[in-house]
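# let's see this in three dimensions:
(one chain, ligands or ions: 1)
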Amino acid sequence: MASTHGAEVLVASNRGPVSYEVREDGTLHARRGGGGLVSGLSAIGPDAGAVWVCAALSDADREAVRRSHGGRRLSVEATGGQHVRMLDIDATVFADAYNGIANSVLWFVHHMLYQTPLEPVFDAEFRRQWASYEAYNRAFAEALAEEAAPGAAVLVQDYHLTLVPGMLRELRPDVRIGHFSHTPWAPPEYFRMLPDDVAGQVLRGMLGADRLGFLTRRWADAFEACCAEFAGGLGGTRVGVHGLGADADFLRARAHRSDVAERMAALRDEIGPAADGSARKTIVRVDRTELSKNIVRGLLAYRQLLDDHPEWRERVVHVAFAYPSRQDLAVYRDYTAEVQRLADEINSGYGSPTWTPVVLHVKDDFARSLAAYRLADVALVNPIRDGMNLVAKEVPVVSDEGCVLVLSREAGAFAELGEDAIAVNPYDVIGTAQALHEALSVGPEERAERSKRLAAAATALPPAQWFLDQLHALTGESGAAG
Ligand code: G6P
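Residues are numbered from 1 along each chain as shown. Just a heads-up that it's a prediction; the model follows:
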């Protein structure tokens, strides 16, 4: 099956670097995706002829695949000239694999999100969805096997594709396979909730790789502990840690474009001045409305702050951006509604004609996110559990006057930023309120100093280097990191 003209470097992920929309006149319009992987892969340049294999996520994506002879190597300017092969997997199979297994089971396991008296329930419906997850992983493995040159390096991403390394290994023993987890990994006592055979399949699938990457030592250790307990160890698979950092050059340049300045002005209007004419302080958070992000407890902590420290009333505004995510899942829709409800409740209970305590926006707008980063006095990042959390790294890099970071000890970023942040237990609302008070009270000099150190730590491993380190470690070239 090996193609003589195959690619030397391949990336596989569920969500690709491009998505399509159908315009009113029937033409297709491509949009570039963001994120560390897109900027990381661009490091090897268009000449490397890398191929990115991803799934069609929408009807417009499927249409794009149909118009491009089966999705073979859509050549996309916006991705820096890389080739994209988009897989038109049967819509039902895709939905079972993505919503049913990846987002409702594996995501929940690794982020420890179940309310265990009632869930999970591994019944016949789960088994049906699991079969779809296998089929979806197989479609990726087969496409990669077809596209890879002899001895190519294949970098597989995330919990959607845990079975791919094992499947690809069988199809193409000659290729070098890496897998990277952008999420936490569950500790063995939680991971063992999965049915034994499924847990075994996931671990053996991953162990089909030559090398596995994680965002922090903590998640790598959890994975190794699961393997020790349920798979008889790692076999020959190597494990490495690559703490993806913020892309400082890109962020700083992007944050100083005129659209961001416009949004800063609009936000300042919404925030308004304090009674004495001075600027109000801002507590900023920017998240996808994701169950693990803990936005609801963040709002509860803010309300607690206003109760415990009424001196902050009228003098602070919580700027909360909660962008839509995975709205096919009812539990996500309910969570989004609860965020909105609680923000409204705080505003009607505490607000005044001159002060809106919570400025909540739910429509995704990257320029406005950067505007909020620049204005932030305090950044609140309090996830229940998070692979890394790049917002924690981005705000200190972008903020105009330095910010104080209130950071959950359960975020992967805590390993690198914890020393200069104010740590919180994400479940402790009173403790988080106290941390917000402390953060608002930090003086300008200490704040600038801390923020500088945070920005340095946050940018230690930019996306391009993060990607190259993994590639080199896999292929054994110089610069290898174990
Ligand atoms: C987060 C995680 C990634 C994951 C992504 C999927 O960003 O950190 O590990 O790949 O979510 O999100 P999606 O919107 O594609 O479901």
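# and the strand or helix carrying residue 339, what other elements does it pack with?
Following DSSP states H and E, one finds residue 339 within helix 330-350. Judged by 3 or more Cβ pairs under 8 Å, 6 or more residues apart in numbering; DSSP states H and E, helix 330-350 is in contact with helix 295-308, strand 316-323, strand 358-361. (Each C-beta comes from the backbone N, C-alpha and C, glycine too.)
# for the very next helix or strand once past the last one, report the contacting residues that lie outside it.
So the one you mean is strand 358-361. Of the helices and strands lying after strand 358-361 in sequence (DSSP H and E), the nearest is helix 366-375. The contact list for helix 366-375 (Cβ atoms under 8 Å, 6 or more residues apart in numbering) reads 34, 251, 254-255, 257, 259-264, 266-268, 271, 282, 284, 286, 319, 321, 361, 379, 394-395, 398-400.
# quick one: closest of the helices and strands packed on helix 330-350 to the ligand.
Smallest distance to the ligand across the helices and strands packed on helix 330-350 (Cβ to the nearest ligand atom): 10.3 Å, for strand 316-323.
# and residue 404, bridged to which residues?
On DSSP bridges, the residues paired with residue 404 through beta bridges are residue 378.
# let me see the contact set for it.
Residue 404 makes contacts with 377-379, 422, 439-440, 442, 447, 450-451, as judged by Cβ under 8 Å, 6+ apart.
# residue 296 too?
Going by Cβ under 8 Å, 6+ apart, the list of residues near residue 296 reads 335, 338-339, 342.
# check residue 130 too.
Contacts of residue 130 (Cβ under 8 Å, 6+ apart): 101, 198.
# do residue 186 as well
109-110, 112, 222, 226.
# pLDDT at the residue of the stretch 151-300 of the chain found nearest the ligand, what is it?
Residue of the stretch 151-300 of the chain nearest the ligand, by Cβ to the nearest ligand atom: residue 182 (3.1 Å). Looking at residue 182, its pLDDT reads 97.
# next: residue 80.
Reading off the model, residue 80 has pLDDT 56.
# tell me which residues of stretch 311-322 are tucked away?
312, 314-322 (16 or more other Cβ atoms under 10 Å).
# so residue 133 touches residue 167, yeah?
No: counting by Cβ atoms under 8 Å, residue 133 does not reach residue 167; the two are 11.8 Å apart.
# these two: which has the busier surroundings?
residue 133 (25 against 21; other Cβ atoms under 10 Å).
# residue contacts, the more buried one?
96-97, 100-102, 163.
# quickly name whichever of those residues is closest to residue 389.
Using Cβ to Cβ, residue 102 comes nearest to residue 389 of these, at 19.6 Å.
# just the buried residues of the contacts of helix 366-375.
251, 255, 260, 263-264, 267, 271, 282, 284, 286, 319, 321, 361, 379, 394-395, 398-399.
# can you name the residue of the stretch 301-450 of the chain nearest to the ligand?
residue 387 (5.0 Å).
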